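*Asks:* for reference, the sequence and a predicted model appear below.
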Amino acid sequence: MGLPPVVLVGAFAFRDNRPMAEFFPFRFYDPLRRKWLRARYLAERQTIAARYDEREITGPPEIRNGVKLEPPNSPLRRPPPRT
């Protein structure tokens, strides 16, 4: 058994047990406009396949640890429940 990957954040290193996620740049065919459009966001392969009938991945994936996208000290984050 291997150890989880080590993640470096600033001067600190810690082991991250969250699952890895791959987000791809892509383009898709818009039948209304009758042309290919480059998506303005990255998405996982299965999300792209579920949403678009005609699609094409245009670059290498961006690999992220876990799917939590907000920073730890975000002002938009909900405060922890009081005990």
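*Replies:* Nice, I can see it.
*Asks:* strands along the protein, start to end?
*Replies:* Ranges of strands within the chain are 6-9, 12-15, 20-23, 26-30, 35-38, 55-57, 62-65, based on DSSP state E.
*Asks:* can you put those strands in CSV and add distance to residue 48 and mean neighbour count?
*Replies:* In this view, the C-beta of every residue, glycine as well, is placed from N, C-alpha and C. Below are those laid out as CSV (distance: least, Cβ to Cβ, whole Å; neighbours: other Cβ atoms under 10 Å):
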stretch, distance to residue 48, mean neighbour count
strand 6-9, 26, 10
strand 12-15, 31, 9
strand 20-23, 10, 14
strand 26-30, 5, 15
strand 35-38, 13, 10
strand 55-57, 5, 14
strand 62-65, 14, 12
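*Asks:* these: lowest mean pLDDT?
*Replies:* Among the strands of the chain, strand 12-15 has the lowest mean pLDDT, at a mean of 48.
*Asks:* possible to save the strands of the chain as CSV with distance to residue 83?
*Replies:* Putting the strands of the chain into CSV (distance: least, Cβ to Cβ, whole Å) gives the following:
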stretch, distance to residue 83
strand 6-9, 28
strand 12-15, 25
strand 20-23, 31
strand 26-30, 44
strand 35-38, 48
strand 55-57, 46
strand 62-65, 28
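*Asks:* cheers, nothing more for now.
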